[in-house]
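Chemist: test case, fold it:
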Amino acid sequence: MPHGRHGLAREVVITSQRDRLLEAMAHVVSERGYSTTTVADVVERAGVSRKTFYEHFADKLDCFLATYDTAAELLLSTIAEAGERGAGWRARMESSVRAYLDGLSDHGFARASFLDVPTAGDEALARRADVHERFAALLRRIHTDARHSDPMIPYRRPMMFRAAVGAVNELVTEVVRTRDVTPLPRLAPVVVEILDTLLGTPTA
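Modeler: Okay, the predicted model is just below:
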């Protein structure tokens, strides 16, 4: 958005300000951690006033949760779109895994998502639990399709899909902890092997 006087509609200005604050929160938390991030850090990075910040968010936590929600929705939609392009359950699984890891490697919020959510309190943990449930639902749909094509694939209880999400999350967290997310796409074969092992699908 241009500085100074401009002819942009107020709705455009408001959206731009909010997007800049969300992006700023993502980058500052990734660099400093949630607990040491301040509203002053965020508004400085976003290039807006403190007054503008409080026009959009109640406090630092409110902005952090909005950033997490936005990042999660973007990643989930990217994975769903990639999964729809695959022909057959195996292709959908592999495409979804690649989209997930590619999305995280390109995302400035990876560290905050995996390392800082627990430090933000119960509401942040609840949001993450909801996101993990949606990831588990994606796996459950792929597994259902796999069983339709191959009746020998065993049934799995719903909690197994959450367990699969947890296992992948632990693997990704260890990489993100190093602050270098560029290796994440190379984990794709390992992630697929984890899913095959836990879900009982035949190894590619």
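Chemist: use CA for all of it now, contacts and neighbours both
Modeler: OK.
Chemist: center of this protein, which residue is that?
Modeler: By CA atoms, centre = their mean, the mean C-alpha position of the chain lies nearest to A72, the distance being 3.9 Å.
Chemist: hmm, V131 and that one touching each other?
Modeler: Yes: judged on CA atoms under 8 Å, A72 makes contact with V131 at a distance of 7.0 Å.
Chemist: buried sites along the helix or strand containing D19?
Modeler: Under the criterion of DSSP states H and E, D19 resides in helix 10-32. The neighbour-count check on helix 10-32 (16 or more other CA atoms under 10 Å) flags 17-18, 20-31 as buried.
Chemist: ok, and for whichever strand or helix holds R162, which residues are buried?
Modeler: Applying DSSP H and E as the criterion places R162 in helix 158-176. Within helix 158-176, the residues scored as buried using 16+ other CA under 10 Å are F161, R162, A163, A164, V165, A167, V168, V172, T173, V175, V176.
Chemist: I'd say the first one and L199 touch.
Modeler: This means F161. Yes: using CA under 8 Å, F161 makes contact with L199 at a distance of 7.5 Å.
Chemist: hmm, back to that, show me which of the buried residues of helix 10-32 is closest to A204.
Modeler: Set against A204, the nearest of the buried residues of helix 10-32 by CA to CA is S30 (35.5 Å).
Chemist: pLDDT at the closest one, what is it?
Modeler: For S30, the model assigns a pLDDT of 87.
Chemist: list of residues touching stretch 142-152?
Modeler: Contacts with stretch 142-152, where a contact means CA atoms under 8 Å, 6 or more residues apart in numbering, come from W89, R90, R92, M93, I153, P154, Y155, L199, T201.
Chemist: now do stretch 46-61
Modeler: Stretch 46-61 has contacts (CA under 8 Å, 6+ apart) with Q17, R18, R20, L21, E23, A24, T38, V39, A40, V43, C63, A120.
Chemist: 10 Å - rerun?
Modeler: Contact with stretch 46-61 is made by 14-15, 17-25, 27-28, 34, 37-40, 42-44, 62-64, 66-67, 120-121, 123-124, as judged by CA atoms under 10 Å, 6 or more residues apart in numbering.
Chemist: buried residues, it. List them.
Modeler: Buried residues in stretch 46-61, counted by 16+ other CA under 10 Å: A46, F53, K60, L61.
Chemist: any idea how far A40 is from the first one?
Modeler: In this structure, A46 and A40 are separated by 10 Å, where distance is defined by CA to CA, to the nearest Å.
Chemist: looking at this structure, which helix is longest?
Modeler: Counting residues, the longest helix found in the chain (DSSP state H) is helix 122-149.
Chemist: next, the angle helix 158-176 makes with that helix.
Modeler: Per axes from the mean of the first three to the mean of the last three CA atoms, to 10 degrees, the angle that helix 122-149 makes with helix 158-176 is 120 degrees.
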